[in-house]
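J.: predicted model and sequence follow; I will ask about them next.
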Amino acid sequence: MLEMEAVQYKGFRNLYNEAGEAIGFQVAIRFVAYRGPWLSQFRFGNVEVDGEKFGPDKCTFIINGVEYTYDEMATLGRVKWPLKEACMIRVQKPGGLAQGSHRVSVLYKEVASYVPARMDEIPEDGKMFGHSEAQGFIRDMIIV
Amino acid sequence: MQAPQKPGIHRGVSTYCWYPLYNVNMDLEDSMEIMQDMGAHGIEILADGIIDGYPYPSKEWLNKWFALCDHYEIVPVEYGHWVESRLYRGRECTVEESLEQLIHDIKLASYMGFTCMRTKLGVIDEILTPTQIWRDVIRKALPYAEKYNVVMQPEIHAPTKLTDQMIMDYVEFIEKEDTQFFGFNVDFGTFQYRAADGMPSFRPFDPSKPEDIIPLLPYIHCCHAKYYNMSEDFDETTIPYVEVVNIMKEHGWNGYLLSEYEGMHKENYNHCMTQVKRHHVMLKRLLGE
């Protein structure tokens, strides 16, 4: 089952290498929508944790067990991110996240051809659709 | 596959009403049970989000679909899908790329028993004018729609009005092609004359008039019975339902009115259920059921 929120609590944890060193963390997102995007229509700004931003160069995306870079996704117009599946974002951050509470924001959207093209891309400052604030999906979560 | 439709106006529901709740609080079967409770037998699915494995569902899932429709007395009415024009950054899809999407959905919709499709085309401007290649795409898809017996219908959605040039273009196309396999789904939001209480309004209201629908009725196979706010005494407070439905009745229109909730608190299960039940109390009264 999915959680109602866009940012999922399930899956939020640090990632470790074979030596047991934390090399990053992961966080899952879903589309609170009526369809999932074709991978080429996914638009990603960043994952932001406690004010630190991680862009597409620091992230990979796992959908139905297959890991993609953001650039790879841009070429895949006939592969679907199913609506009922969360996408796990793996974020590179040496040392991982500290134990305790974090404010996690993920900035992303999908391209929809049935609305005007000016809405396709995420602006640099994340202020989409005329909002005065960046429109990331925010959730407060705990690393154990 | 379905028995011939009885004349008259029938009630149904679009799964759009409950979209944030799917895979969280409810599933397709729950929707069908609720529809049966209300005697609203026609369903619109948004294929992408409802069909497991879309666009390639398993035989097992399709068999489950047929069993559920049978058990809950559900009539597949409209298959909602999109023809994406901006699939890749920096360019529009070709006619061939558009057709590939469309023909696949025509075949799947038909197999699942649907008779209409809500065919959402890519747009090029603020008033939602479809891509320049739409005529070519639809013309080349018509033989498939005919073979598989499904009607392609763009949704006429606010801010588009029923008197806009786009609608004239569609009518001209239908008459020129002499086809019954292309029509419209009129979204009742085009008649909305004020914002629902508490809802932000992004544009001034310049609604279609209820009578504007009259010349278009022959081309309409089902409608999105949009609702934003159903009051405790079963009135929709932003759309002139009485006038619109009475006109459709008087002109002998046959087809399905598919509930489509676009109001507030869509993440709240109780609220959405209350709204849809109120909507069907209103529709039953208006239709004299």
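T.: Yep, it's here.
J.: can you show me the helices along the chain?
T.: No chain specified, so I'll use chain A. A:70-74 (DSSP state H).
J.: let's do chain B instead
T.: Along chain B, the stretches classed as helices by DSSP H are B:28-38, B:47-50, B:59-71, B:95-111, B:134-148, B:165-177, B:241-250, B:269-287.
J.: so which of these comes closest to chain A?
T.: helix B:47-50 (3.7 Å; C-beta to the nearest C-beta). C-beta: built from backbone N, CA, C; applies to glycine.
J.: packing partners of that closest one?
T.: strand B:75-83, helix B:95-111 (3 or more C-beta pairs under 8 Å, 6 or more residues apart in numbering or on different chains; DSSP states H and E).
J.: gap between that helix and the chain center?
T.: 13 Å (C-alpha atoms, centre = their mean, to the nearest Å).
J.: what about stretch A:16-35 and chain B, touching?
T.: Yes - residues of stretch A:16-35 contacting chain B under C-beta under 8 Å from any C-beta of the partner chain: A:32, A:33, A:34, A:35.
J.: could you find the closest non-adjacent residue to residue A:69?
T.: In space, and not counting its chain neighbours, residue A:69 is closest to residue A:60: 5.8 Å by C-beta to C-beta, 6 or more residues apart in numbering or on different chains.
J.: count of neighbours near the one you found?
T.: 18 (other C-beta atoms under 10 Å in any protein chain shown).
J.: same question, residue B:285
T.: 12.
J.: check contacts around it.
T.: residue B:234 (C-beta atoms under 8 Å, 6 or more residues apart in numbering or on different chains).
J.: same check, this time on residue A:77
T.: Here residue A:77 is in contact with A:38, A:39, A:40, A:41, B:84, B:87, B:88 (C-beta under 8 Å, 6+ apart).
J.: and it, how far from residue B:242?
T.: 45 Å (C-beta to C-beta, to the nearest Å).
J.: could you tell me how many residues sit around residue A:43?
T.: 19.
J.: does it really touch residue A:110, like I thought?
T.: Yes - the criterion here is C-beta atoms under 8 Å, and residue A:43 meets it with residue A:110 at 6.7 Å.
J.: give me the phi and psi for residue B:237.
T.: phi -90, psi 0 (degrees, to the nearest 10).
J.: gap between it and residue B:192?
T.: In terms of C-beta to C-beta, residue B:237 sits 10 Å off from residue B:192.
J.: more crowded one of those two?
T.: residue B:192 (23 against 14).
J.: tell me what the most centrally placed residue in chain B is bridged to.
T.: Nearest to the geometric centre of chain B sits residue B:224, at 4.8 Å (C-alpha atoms, centre = their mean). Taking DSSP bridges as the rule, residue B:224 bridges to residue B:187, residue B:258.
J.: pLDDT value on residue A:141, please?
T.: Predicted confidence (pLDDT) for residue A:141: 98.
J.: so it versus residue B:267, what's the distance?
T.: 19 Å.
J.: now residue A:127
T.: 24 Å.
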